[in-house]
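Engineer: I would like to see how this sequence folds:
(2 chains, ligands or ions: 2)
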Amino acid sequence: MVERIRHMLVKEFLQLFRDRHMLRILILPPLLQILVFGYAVTTNVRNATTVVVDLDRTASSRDLLSRFFSSGHFRLVRETADFREAGELMNRGDAGVILHIAHGFEGALRSNRTGDLQVIVDGTDSNTASIVLSYAARITAEYSGGVRLLRMERHPVPFPGPPSVSIASRAWFNENLESRFTFLPGIIAFIVMLVTVMLTSMAVVREREIGTLEQILVTPITPAEYILGKTLPFALVGFGEILLVATVGVLWFDLPFRGSLLLLFISSGLFLSTALGIGLLISTVSRTQQQALLTMFLYFMPAVLLSGFLFPIANMPPAAQGLTYLNPLRYYLVILRGVFLKGVGVRVLWPQMAALLLLGVATLAVATRRFRKTLA
Amino acid sequence: MTAPGGISVSARDLTRRFGDFVAVNRVTFDVRRGEVFGFLGPNGAGKSTTIRMLCGLLAPTAGEATVAGFDLRTQAESVKTRIGYMSQRFSLYEDLTVEENIDFFGGIYRIPSGRKRERKEWAIRMAGLSDHVRTRVAHLSGGWKQRLALGCAILHEPPILFLDEPTSGTDPISRRSFWDLIYSLSGGGTTVFLTTHHMDEAEYCDRLGLVYRGELVAMGSPRELKDGFPVERAEGIAPTLEDVFVSLVEGMDRAAGPVAEVRG
Ligand SMILES: Nc1ncnc2c1ncn2[C@@H]1O[C@H](COP(=O)(O)OP(=O)(O)O)[C@@H](O)[C@H]1O
Ligand SMILES: [Mg+2]
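Structural biologist: Residues are numbered from 1 along each chain as shown, chains lettered A, B, ... in the order given. Ligands and ions are numbered 1, 2, ... in the order given. The predicted model follows:
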């Protein structure tokens, strides 16, 4: 048993390392993905392009506006007195935000009335727009607080201001709410899944295509030996990918790693077993390598969308939520974020691990059964 | 190793259907130990299907077969250690070297480590590949590939060898030396079951089964077949195997009538 599997492993690795194209696929896309998600994909908005239309031109209006630009979230691209020009800039996409202060802003503040600031955002990107608006609200609230304090100082009589609640907010596990810390652990899951499912299904289908599968099946090898020999090498490759992406994440992007390495490896093993099972299943329904690749993407797209990576599971309609329970990515993502960011252990993560174990056993069992059937 | 009476392979009413289509129809034959037995028939006759059933790659729909005395249905594992199989398509790993292929199949067959080396050297010498041990198989020519495939199929010294169209796609000289090999194996007691659609090649077999549309239409040595089926020829020359085959097939087609013709 061990001897045969060892020979399968040696053969599989020889073929893998001889296939330059495949090697590139194993190393470049994971690095590219981690770079893209580390640098480019961020939901934090920095340097939103901003046009200022300041018709008041007073110390107060300038003070308020300067707070926007010193926050780092806004970047001044043009100052103009012509509102139409500002609108044109937004049409062309050169500006995402217009800050508009009308005449009489300072005067209103002086006479204890309310000064108006108009914030216009480009709503075509609703996500960025709402984030920008929340920044604007925060900056304005701070400014108003300052104005109110000044008024109290000037009118020492008890000021009938409204009773107020102030927020003391703190984001645990990700103090600066860096979106890349949310994404990077997830990238590990996707890369590992993509690579192992692809390698397994392609390797089995290729053997079927070129006829070596038949040549192996006339030998006394047992299906279990064949399946292990065919999946174990890719499990090892999967672990290699996890190490690669995690190392780059931690060393290059300062991704925290607060949990236990052992836990990461055990959970990854559980996750890999479902991925390999899925790869094997795909190989049983595909005649050619192209078919296998296509089937894999058909599986992969909904798996990513229903994982909770981009869209919160709680927001999904009930039917979709039900489906996510069958999605190994869902559990692995929770584990990865837990291990990297929260530093929690088995005590917290056992339900996810149990779910992965269950899914892994089930997929491998079904895949093995189907695989045996396609042989006879 | 071998069944009583020196029968290596025995098929009784062996049948395989694909849906409604009968690829192999109630085929019955025995192959004696050390014999070179040929299945001769045109493309689509059911030769590969028969061989794949006998190797345990395809389950028969009906009928029985024993290989090396073991029942194909119930003792498939015992059968597999005693057969070598060379499929119709070349099926070694082209991206591995000659040596790596041999090591791989040697390992899968679990050849005892004492004999491994010796068998490997034998296979390399037999295939004439001593100078190409580290050459990738993809770079070998047709004749070499075929001999390497044969070498890998008999590394474990099986008493029964199944060869599916072993000489298709090779040049006459390679074919010649391939037959030398087959004779020397059969001389050493190995039973060889092969398929071919070359009439001239069929002459080299000890015994032949003629197959057509899934049915075994005649069986015997090339001599018996030619003597047993008088074929009219204008010049009075002795009939060839081809003549025998064509006259049998024409008889069958006439009997089957025009309806069956459509199916052909
Ligand atoms: N897996 C299969 N599914 C459906 N039909 C098949 C299959 N394998 C073979 N056949 C059909 O069975 C017939 C016999 O095929 P085969 O045994 O390969 O013929 P031969 O080897 O004599 O050329 C052919 O008509 C072929 O199309
Ligand atoms: Mg054939």
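Engineer: pull out the buried residues from stretch B:13-29.
Structural biologist: For stretch B:13-29, the neighbour count (16 or more other Cβ atoms under 10 Å in any protein chain shown) marks B:14-16, B:22-25, B:27, B:29 as buried. C-beta here means a position set from N, CA and C on the backbone, and glycine is covered the same way.
Engineer: quick one: end-to-end length of that stretch, please.
Structural biologist: Length of stretch B:13-29, first residue to last, Cα to Cα, to the nearest Å: 9 Å.
Engineer: which residues touch it?
Structural biologist: The contact list for stretch B:13-29, computed with Cβ atoms under 8 Å, 6 or more residues apart in numbering or on different chains, reads B:9-12, B:37, B:46, B:49-50, B:53, B:58, B:60-65, B:209, B:211, B:213-216, B:219.
Engineer: where's the spatially closest residue to residue A:245 that is not a sequence neighbour, which helix or strand?
Structural biologist: Once flanking residues are discounted, residue A:245 sits nearest to residue A:188: 4.9 Å by Cβ to Cβ, 6 or more residues apart in numbering or on different chains. Per DSSP states H and E: residue A:188 is located in helix A:179-210.
Engineer: relative to the whole chain's centre, how far out is that helix?
Structural biologist: What separates the centre of helix A:179-210 from the centre of its chain is 16 Å, taken as Cα atoms, centre = their mean, to the nearest Å.
Engineer: which strands and helices sit next to that helix?
Structural biologist: helix A:20-35, helix A:212-217, helix A:223-253, helix A:261-285, helix A:289-305, helix A:328-337 (3 or more Cβ pairs under 8 Å, 6 or more residues apart in numbering or on different chains; DSSP states H and E).
Engineer: point out the most buried one among those helices.
Structural biologist: helix A:328-337 (a mean of 25; mean count of other Cβ atoms under 10 Å in any protein chain shown).
Engineer: so what's the residue nearest to residue A:245 up against?
Structural biologist: A:241-242, A:245-246, A:249, A:336.
Engineer: go again with 7 Å.
Structural biologist: Counting by Cβ atoms under 7 Å, 6 or more residues apart in numbering or on different chains, residue A:188 makes contact with A:242, A:245-246, A:336.
Engineer: least confident pick among the residues you listed?
Structural biologist: In terms of pLDDT, residue A:245 ranks lowest among the contacts of residue A:188, with 89.
Engineer: okay, and the residue of the stretch 1-150 of chain A found nearest ligand 1 sits in which element?
Structural biologist: Closest residue of the stretch 1-150 of chain A to ligand 1, Cβ to the nearest ligand atom: residue A:8 (25.6 Å). Taking DSSP H and E as the criterion, residue A:8 maps to helix A:2-18.
Engineer: next one: that helix to chain centre, how far?
Structural biologist: Distance, stretch centre to chain centre, for helix A:2-18: 34 Å (Cα atoms, centre = their mean).
Engineer: do stretch B:122-133 as well
Structural biologist: Its chain's C-alpha centre lies 23 Å from the corresponding centre of stretch B:122-133 when counted by Cα atoms, centre = their mean.
Engineer: residue B:218 in helix, strand or coil?
Structural biologist: When classified by DSSP: H, G, I helix; E, B strand; the rest coil, residue B:218 comes out as strand.
Engineer: how about it, what does it touch?
Structural biologist: B:210, B:225, B:248.
Engineer: and residue 89, how many neighbours?
Structural biologist: Let's take chain A. 19 (other Cβ atoms under 10 Å in any protein chain shown).
Engineer: I was after chain B.
Structural biologist: Residue B:89, neighbours per other Cβ under 10 Å, totals 16.
Engineer: surely it and residue A:211 touch.
Structural biologist: Yes: Residue B:89 lies in contact with residue A:211 (Cβ atoms under 7 Å); the separation is 4.5 Å.
Engineer: for stretch B:165-176, measure first residue to last.
Structural biologist: One end of stretch B:165-176 to the other measures 14 Å (Cα to Cα).
Engineer: buried ones in it, by neighbour count?
Structural biologist: B:165-168, B:170, B:174-175.
Engineer: save the residues you listed as TSV, and put in secondary structure too.
Structural biologist: Putting those into TSV (three-state DSSP) gives the following:
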residue	secondary structure
B:165	coil
B:166	coil
B:167	coil
B:168	coil
B:170	coil
B:174	helix
B:175	helix
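Engineer: which two among those residues are spaced furthest apart?
Structural biologist: Of all pairs drawn from the buried residues of stretch B:165-176, the greatest distance, 13.8 Å, lies between B:165 and B:174 (Cβ to Cβ).
Engineer: mind giving me the domain split of the chain?
Structural biologist: In the absence of a named chain, chain A is used. In terms of domains, chain A is parsed into A:2-41+A:180-375, A:48-154 (source: automatic domain parsing).
Engineer: switch to chain B, that's the one I care about
Structural biologist: Annotated domains of chain B cover B:1-82+B:159-166+B:177-264, B:85-157 [automatic domain parsing].
Engineer: what is the burial count for residue B:6?
Structural biologist: A count of nearby residues for residue B:6, using other Cβ under 10 Å, gives 13.
Engineer: hmm, it is touching residue B:31, no?
Structural biologist: No: with contacts counted by Cβ under 7 Å, residue B:6 stays clear of residue B:31, the gap being 9.9 Å.
Engineer: nearest to ligand 2, out of the domains of chain A?
Structural biologist: Comparing those against ligand 2 with Cβ to the ion, the closest turns out to be domain A:2-41+A:180-375 (12.3 Å).
Engineer: tell me how far the closest one lies from the chain's centre.
Structural biologist: On Cα atoms, centre = their mean, the centre of domain A:2-41+A:180-375 falls 17 Å from that of its chain.
Engineer: burial of residue B:126, as a residue count?
Structural biologist: 16.
Engineer: my bad, should have said residue A:142
Structural biologist: With other Cβ under 10 Å as criterion, residue A:142 counts 11.
Engineer: give me the nearest residue to it, chain neighbours excluded.
Structural biologist: In space, and not counting its chain neighbours, residue A:142 is closest to residue A:67: 7.2 Å by Cβ to Cβ, 6+ apart.
Engineer: repeat that for residue A:89.
Structural biologist: residue A:95 is the one closest to residue A:89 (Cβ to Cβ, 6+ apart), at 4.1 Å.
Engineer: what are the phi and psi values at the one you found?
Structural biologist: Residue A:95 adopts backbone torsions of phi -130, psi 140, taken as degrees, to the nearest 10.
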